[in-house]
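A.B. asks: Below is the sequence, then the predicted model.
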Amino acid sequence: MKDLYSIIKKPLFTEKGTYLKENGGKLLIEVARDANKIEIKRAFEEIFKKKVDKVSTMMRPSKWKKYGKFVGKTQEKKKAIVTLKKGETLDFIEGV
């Protein structure tokens, strides 16, 4: 079994994430690339002690970047949108 804290990496504070949090009771988090929905749900519930209704995942593809005379690719990342059950709320410390 994977470590819970290696599955959930960090919350994502973006415009889309803020909109989802305010209007839909959903949270946007970055997760490990090899984690599946069941592992993400179990880890979130155990770490934050909140009930999860649904988990949606998406991959952010890598991009080609140029660093001076060198060309390379950025890292692929995986995001998850976690929908909490009715009545559940969670506030992260923002401004980091």
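C.D. replies: The structure has been received and is ready for your questions.

A.B. asks: what sits against the residue most central in space within the chain?
C.D. replies: Centroid check for the chain by CA atoms, centre = their mean gives I29 as the closest residue, at 1.8 Å. I29 makes contact with I8, K9, K10, P11, L12, F44, K79, A80, V82, according to CB atoms under 8 Å, 6 or more residues apart in numbering. C-betas here are computed from N, CA, C, even on glycine.

A.B. asks: ok so the second one is a strand residue?
C.D. replies: Yes: secondary structure assignment (DSSP: H, G, I helix; E, B strand; the rest coil) places K9 inside a strand.

A.B. asks: Quick check: I29 vs G17, distance?
C.D. replies: I29 is 9 Å from G17, where distance means CB to CB, to the nearest Å.

A.B. asks: Need the residues touching each of the two.
C.D. replies: In terms of CB under 8 Å, 6+ apart, I29 and G17 are both contacted by the residues P11.

A.B. asks: Would you state the helices of the chain in chain order?
C.D. replies: Applying DSSP state H to the chain gives helices spanning 4-7, 15-24, 37-48.

A.B. asks: To K65, which of those helices lies closest?
C.D. replies: helix 15-24 (22.2 Å; CB to CB).
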